[in-house]
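Chemist: with the input below, show me the fold.
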Amino acid sequence: LGQRVDAAELLETLKLLHLHGPLPSADISSMSCSGGEASLVADAGVRRKVNFRALREEQRQPLRESLGEMVTIANPLDYHTFVWGNREKQTAAFTAMMHGGYALNLIVLDFPRLDRCDAADWVTTCEAVIDSTKATGAVAGIVASLGENMPEETAISLVSAGVVPFFGIDEALGAVETAAAIGAVWAKPAAPPLLRSRPEGGEIVTLSEAEAKDELAAAGVIVPGGRSAATVEEAAAAAESLGFPVALKGLGVAHKTEAGAVRLNLTNRDEVIEAARGMASVASGYLVEKMIAKPVAELIVGAARDAVAGPVLTIGAGGILVELLEDSAILTLPVTEESIRDAIAGLKISRLLDGYRGNPKGDIAALIRTVAAAASYVVANASKLEELDINPIMVLPDGHGAVAADALIRRRK
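Modeler: Down below sits the predicted model:
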């Protein structure tokens, strides 16, 4: 699931999974007889993907009746000590909270040393929690902020009753986060079988950028309006036909930028002629394209053949950020649009797509369609395709699309 946990958190997670399995959500309640403990739980929750969902209206009156007018009814709930030692009233309060439909209900309970203190009231609270789980069928856990203070006998009795004995507040919330993440994954439809395709024999050829874009466009990938040209004059005529500003690229050049075979924002015929003459020594022809508007973000989509999974798709930060960010995700094929959406959301560059620091949001829907179209192309050509590289995909502001600015395809004849 991409999460890093320490040994203590792992153990708490295993307790929860052993008793109740994955959680259907990260919605939880927390109850304690101390405002300090309620604050500790709330503060720890800030660092976790958990949700202290607000109380339902039908919970408020039963909580008020059982706890009295002096208690602030909220989640996390500080139920104070007005009902301390009173099993009936504690059960009524815990039951009202557990009727909230939370995935897990936590009760923070710090146990005293048994060799110095009488723990009868703490036992009463445990009994009230067990009573409430039996009455509601809700999932609950008792959290000792200092795990070593929970007596082993108590932990064993709680497990026997289906109540999770958690050692540590942060560790308990980590267990919730992981169990909810597992639940979310398990709730999704099963992934389709992996694409199995043996590569064909034959010579590997590299398509020109114009040829690659024609094939991708036929598969549904949006590419800039463009025309190929064999000569300088043809390039100038193509630019005038497309309308300025244009980009000019030299065909037959592997690394265009380094070879000086890319010129952008050319605004008239003379500039196109000058640029075309400048790259004539390295280019076998020209590709003239309409300039793309300033993007919100640039991404890369690539495909390669994995020895185990077969053809796979990679999506990540593109343009000059490829090496700088090392921000990418791998998708097995075939792939659903939902999986593509999840992969994009997990990238660092997704912050730009969401409208970082007041900038416009990117057209994520168009980006998903573009990645899905590229994936379909890979699936349709799996036995022949050796390599696909679309870099960058220019993601424009929301509603304005996503455009494949450059593309490389290597395949067998």
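
Chemist: quick one: mean pLDDT over stretch 43-50.
Modeler: Stretch 43-50 carries an average pLDDT of 95.

Chemist: same question for stretch 217-234.
Modeler: 97.

Chemist: try stretch 193-212
Modeler: 88.

Chemist: for that stretch, which positions count as buried?
Modeler: Judged by neighbour count (16 or more other Cβ atoms under 10 Å), stretch 193-212 contains these buried residues: 195, 197, 199, 208-212. For every residue, glycine as well, the C-beta is placed using N, CA and C.

Chemist: quick one: which of those residues is nearest to R87?
Modeler: L195 (59.8 Å; Cβ to Cβ).

Chemist: from the buried residues of stretch 193-212, which two are the most distant?
Modeler: Maximum distance among the buried residues of stretch 193-212 (Cβ to Cβ): 27.8 Å, for L195 and A210.

Chemist: name the residues of the helix or strand harbouring V41 that are buried.
Modeler: Under the criterion of DSSP states H and E, V41 resides in helix 35-46. Residues 37-38, 40-41, 44-45 are the ones in helix 35-46 that count as buried (16+ other Cβ under 10 Å).

Chemist: and if you look at stretch 326-341?
Modeler: 327-329, 331-335, 339-341.

Chemist: next: stretch 344-364.
Modeler: In stretch 344-364, counting by 16+ other Cβ under 10 Å, buried: 344, 347, 349-350, 352-353, 362-364.

Chemist: could you do stretch 108-118 as well?
Modeler: Buried-residue list, stretch 108-118, by 16+ other Cβ under 10 Å: 108-109, 111.

Chemist: same check, this time on stretch 27-35
Modeler: 27-34.

Chemist: go on, stretch 147-164?
Modeler: 147, 149-151, 154-155, 157-158, 161, 163-164.

Chemist: residue contacts, A375?
Modeler: 313, 331, 333-335, 340 (Cβ atoms under 8 Å, 6 or more residues apart in numbering).

Chemist: between those, which sits nearest L264?
Modeler: L313 (27.9 Å).

Chemist: spit out the contact partners of the closest one.
Modeler: Per Cβ under 8 Å, 6+ apart, neighbours of L313: 301-303, 330-333, 335, 371, 374-375, 378.

Chemist: now it. Nearest residue, chain neighbours left out?
Modeler: L331 (4.5 Å; Cβ to Cβ, 6 or more residues apart in numbering).

Chemist: what is the nearest of the contacts of L313 to R410?
Modeler: The closest of these, once distances to R410 are taken by Cβ to Cβ, is A303, at 10.3 Å.

Chemist: quick one on the thing from earlier: now the contacts of A375 as JSON lines including secondary structure?
Modeler: Output for those, formatted as JSON lines (DSSP: H, G, I helix; E, B strand; the rest coil):
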{"residue": "L313", "secondary structure": "strand"}
{"residue": "L331", "secondary structure": "strand"}
{"residue": "L333", "secondary structure": "coil"}
{"residue": "P334", "secondary structure": "coil"}
{"residue": "V335", "secondary structure": "coil"}
{"residue": "I340", "secondary structure": "helix"}
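
Chemist: for the closest residue to D306 other than its chain neighbours, grab the count of nearby residues.
Modeler: With Cβ to Cβ, 6+ apart as the criterion, D306 has its nearest non-adjacent residue at 4.8 Å, and that residue is V312. V312: 20 surrounding residues under other Cβ atoms under 10 Å.

Chemist: mind listing what whichever strand or helix holds V312 pairs with, with the direction of each?
Modeler: Assigned by DSSP H and E, V312 belongs to strand 310-317. The partner list of strand 310-317 in its sheet, established with DSSP bridges, is strand 297-306 (antiparallel), strand 328-332 (antiparallel).

Chemist: low-confidence ranges, the chain, go.
Modeler: 1-5, 323-324 (pLDDT under 70).

Chemist: how does it divide into domains?
Modeler: Per the record, the chain has its domains at 7-187, 225-290, 297-412, by automatic domain parsing.

Chemist: need those in JSON lines (columns: distance to E203).
Modeler: Listed next are the domains of the chain as JSON lines, based on distance: least, Cβ to Cβ, whole Å:
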{"stretch": "domain 7-187", "distance to E203": "42"}
{"stretch": "domain 225-290", "distance to E203": "17"}
{"stretch": "domain 297-412", "distance to E203": "7"}
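
Chemist: mind checking which of those domains is nearest A218?
Modeler: Closest among those, using Cβ to Cβ: domain 297-412, at 8.4 Å.

Chemist: now the closest one, how far from the centre of its chain.
Modeler: 14 Å (Cα atoms, centre = their mean, to the nearest Å).

Chemist: how long is it from one end to the other?
Modeler: 32 Å (Cα to Cα, to the nearest Å).

Chemist: with stretch 373-392 instead?
Modeler: Start-to-end, stretch 373-392 (Cα to Cα) is 15 Å.

Chemist: closest to Q90 out of the strands paired with strand 310-317?
Modeler: That would be strand 328-332 among the strands paired with strand 310-317, by Cβ to Cβ, at 47.5 Å.

Chemist: which other residues reach the closest one?
Modeler: Contacts of strand 328-332 (Cβ under 8 Å, 6+ apart): 191, 194-195, 300, 309-310, 312-317, 339-340, 343-344, 346-347, 375.

Chemist: mind doing that once more with 6 Å?
Modeler: 194, 309, 312-316, 343, 346 (Cβ atoms under 6 Å, 6 or more residues apart in numbering).

Chemist: do stretch 379-397 as well
Modeler: 195, 197, 200, 204, 292-293, 295-303, 311, 318-319, 333-334, 360, 362-363, 367, 370, 402-412.

Chemist: in that stretch, what's buried?
Modeler: For stretch 379-397, by 16+ other Cβ under 10 Å, it's 379, 381-382, 384-386, 388-397.

Chemist: the stretch 201-350 of the chain: strands as residue ranges?
Modeler: For the stretch 201-350 of the chain, the strands defined by DSSP state E, counting those that start in this stretch cover 204-206, 226-229, 246-251, 262-266, 285-290, 297-306, 310-317, 328-332.

Chemist: reformat those strands as TSV; add distance to D121.
Modeler: Output for these, formatted as TSV (distance: least, Cβ to Cβ, whole Å):
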stretch	distance to D121
strand 204-206	77
strand 226-229	78
strand 246-251	77
strand 262-266	75
strand 285-290	77
strand 297-306	58
strand 310-317	56
strand 328-332	52
